[in-house]
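[1] Got a sequence here, can you build the structure:
(one chain, ligands or ions: 1)
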Amino acid sequence: MAPAPIIAPSILSADFAALGAACSKTISDGADWLHVDIMDGHFVPNITFGAPIVAKIRSHVERPQTAYGKGTFDCHMMISEPKKWVKDFQKAGCDNYCFHYEAAIDSTAAENPEEVTDKKTSPKEMIAYIHSLNMRAGIAIKPKTPVDVLWEILDNHNKDEVPDMVLVMTVEPGFGGQSFMADMMPKVKALRERFPNLNIEVDGGLSEKTIDQAANAGANVIVAGSAVFGAKSPADAISKLREGVEKANL
Ligand SMILES: O=C(CO)[C@@H](O)[C@H](O)COP(=O)(O)O
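    Numbers count the residues shown, from 1 in each chain. Here you go, the predicted structure:
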């Protein structure tokens, strides 16, 4: 059985002029985590915000009582230099620092990750560094990156270097409101088959319409931006996503 469902609304779709209030309301509406999209305009063609804003919104949302508990800030670092910002985000109140495999191996490799074979130790170093600062570590892969690049990282016996979560992008990162890429589900299935207890996150185009595909493939951490913040009732949207994952786990 997959680990517990975790619903993590992406605040990229929230009202940025009232972010603190939007974040605390989303947690009251039933969200487990907040998915905080950090974009640098280089790794992805969009810019959001940095650590000072994360520190501000942290003051509106109580810190989780336990690892991965309610109120976890799941920072999705869509940035070219993920190592540079680990400490700043830790100080700002990030709980889960999720960096991109493509950015860690080499910024030039982001376009052709399957061609890079000789620099795969740096994700492990990143993970150990994040753990040394008492955060959870996530590793994300873009749609063109094959899941196989993760086996060596996940099969490692040194726990400090093993990620706590894998994020399989189900859209090209950069923008909310895109269509769910169902052809990413074989990656999720392969991860779930090999790692029954792993937190597997999916991000992009998740809604009431697509949750069954993601949950049946084995995803348990569900990121949704427009489906939550664009809903008449965000609380109902969160419940429906949770039901989708629970149903798949029965
Ligand atoms: O990381 C990203 C986009 O790069 C996501 O977190 C989106 O913000 C999800 O938005 P929806 O597809 O759910 O609207």
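
[2] From now on I want contacts and neighbour counts done on CA atoms only, so please keep to that.
    Will do.

[3] biggest helix in this protein by residues?
    helix 234-249 (DSSP state H).

[4] which other helices and strands contact it?
    Judged by 3 or more CA pairs under 8 Å, 6 or more residues apart in numbering; DSSP states H and E, helix 234-249 is in contact with strand 6-9, helix 211-217, helix 226-229.

[5] The longest one near the ligand at all?
    No - Helix 211-217 is not in contact with the ligand by CA under 6 Å from any ligand atom; minimum separation 11.1 Å.

[6] The helix or strand following that helix near the ligand anywhere?
    Next helix or strand after helix 211-217 toward the C-terminus (DSSP states H and E): strand 221-224. Yes - legend: contact between strand 221-224 and the ligand by CA under 6 Å from any ligand atom is shown at residue 224.

[7] So residue 135 is in contact with residue 90, correct?
    Yes - at 7.2 Å, residue 135 and residue 90 qualify as touching, with contact defined as CA atoms under 8 Å.

[8] Between these two, tell me which one has more neighbours.
    With neighbours defined as other CA atoms under 10 Å, residue 135 and residue 90 compare such that residue 135 has more, 23 against 19.

[9] Residue numbers of the chain in contact with the ligand?
    Applying CA under 6 Å from any ligand atom, one finds that the chain approaches the ligand through 10, 12, 37, 173-178, 203-206, 224-227.

[10] how about the helix or strand bottoming out on mean pLDDT in the chain: buried residues?
    When each helix and strand of the chain is scored by mean pLDDT, DSSP states H and E, helix 101-105 comes last, with a mean of 91. Neighbour-count burial for helix 101-105 flags 101, 102, 103, 104, 105 (criterion: 16 or more other CA atoms under 10 Å).

[11] Then stretch 42-59?
    Buried, per 16+ other CA under 10 Å, within stretch 42-59: 43, 44, 47, 50, 51, 54, 55, 57, 58.

[12] What average pLDDT does it get?
    Mean per-residue pLDDT for stretch 42-59: 97.

[13] follow-up on the earlier one: now for the least confident helix or strand of the chain, which elements pack on it?
    Helix 101-105 packs on helix 122-132, strand 136-141, going by 3+ CA pairs under 8 Å, 6+ apart.

[14] can you list contacts of the longest one?
    By that I understand helix 122-132. 83, 86, 97, 101, 104-105, 136-138, 153, 160-163 (CA atoms under 8 Å, 6 or more residues apart in numbering).

[15] How about the shortest one?
    Residues from elsewhere that reach strand 136-141 (CA under 8 Å, 6+ apart): 95-102, 127, 130-131, 147, 163-169.

[16] what's the neighbour count on the residue nearest to residue 27 when sequence neighbours are not counted?
    Sequence neighbours aside, residue 71 is the residue nearest to residue 27 in space, at 6.7 Å (criterion: CA to CA, 6 or more residues apart in numbering). Neighbours of residue 71 under the rule other CA under 10 Å: 24.
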